[in-house]
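# The following block contains a protein sequence and its predicted model.
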Amino acid sequence: MGKITVETCEIEGLKVITPTVFGDERGYFMETYNYNDYKAAGIDMEFVQDNQSSSKKGVLRGLHFQINYPQDKLVRVVSGEVFDVAVDLRPGSETYGKWFGVVLSAENKKQFFIPKNFAHGFIVLSESAEFAYKCTDFYHPNDEGGLKWDDPEIGVEWPMPEGMTKEELTISEKDQKWGSFAEYKNR
């Protein structure tokens, strides 16, 4: 039990994981994490903290990263649907500054593995969403970094929730103040 399918992405290190789901007339069962399966897939991490957030339709969180204490993250959606994004911030990477996005939902049950030194964010496409993630380092409140969610140099193609425009998105004051990718590169 507990086998997973792992898709590699065009950005090295990012992985989309689909668990095996066992369903019948009662409902379903799946393993959301099994160290042995993930290790066999090249994700040999010690996760030390689990987090969960709830957001309403049109909430955009990100693009966040940790400066001195970077975290590997394994993210998934427990209810609802989001478009999840990772931006490569690894110095010397061939895909430095490039982004990749994937729809995560309670329905598709996909997970997204994001290694250290990536910025991360998501937008809620459904009426609400619960987002859960495992991290390989603890949260350090004074170690937050971020990038402008709509920076044209990065060019994330955020899908808009049905019936909404960019102007109607809910974005925290902090997330509205992050700098550009050009500023990040020149720090």
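Structure received.

# from here on, contacts and neighbour counts on C-alpha atoms
Fine.

# Can you give me the neighbour number for the closest residue to G145 other than its chain neighbours?
Counting by C-alpha to C-alpha, 6 or more residues apart in numbering, the nearest residue to G145 once its immediate chain neighbours are dropped is F65, at 5.1 Å. For F65, the neighbour count with other C-alpha atoms under 10 Å is 23.

# so E183 sits in a helix?
Yes: assigned with DSSP: H, G, I helix; E, B strand; the rest coil, E183 falls within a helix.

# quick one: it and V78, what's the gap?
Noted for E183: a distance of 35 Å to V78, by C-alpha to C-alpha, to the nearest Å.

# Between these two, which is the more surrounded one?
More crowded of E183 and V78, by other C-alpha under 10 Å: V78, with 18 against 10.

# Name the SS class of that one, please.
Following three-state DSSP, V78 is assigned to strand.

# residues in contact with it?
Contacts were defined as C-alpha atoms under 8 Å, 6 or more residues apart in numbering; by that measure V78 touches S105, A106, K109, A129, E130, F131, A132.

# Next: N117.
F65, Q66, P70, Q71, D88, L89, R90.

# Pull up the per-residue confidence for it.
If you check N117, the pLDDT there is 97.

# how about it, phi and psi?
Phi and psi for N117, reported as degrees, to the nearest 10, are phi 70, psi 40.

# what's the neighbour count on F131?
23.

# Bridged to it, which residues?
S53, V77 (DSSP bridges).

# Repeat that for G179.
Bridge pairing for G179 (DSSP bridges) gives the partners L147.

# Was I right to think it contacts G146?
Yes: with contact defined as C-alpha atoms under 8 Å, G179 reaches G146; the gap is 7.1 Å.

# So the two - more neighbours on which side?
Between G179 and G146, G146 has the larger neighbour count (other C-alpha under 10 Å), namely 23 against 15.

# Pull the contacting residues for the more buried one.
G146 makes contact with G62, L63, H64, F65, A119, D175, W178, G179 under the criterion C-alpha under 8 Å, 6+ apart.

# got it, and P70?
Counted by C-alpha under 8 Å, 6+ apart, P70 has contacts K116, N117, D137.

# Of these, just say which sits nearest to P159.
N117 (24.1 Å; C-alpha to C-alpha).

# Quick check: E162 vs V124, distance?
For E162 relative to V124 (C-alpha to C-alpha), the value is 10 Å.

# Which of the two has more residues huddled nearby?
Using other C-alpha under 10 Å, the more surrounded residue of E162 and V124 is V124, with 30 against 11.
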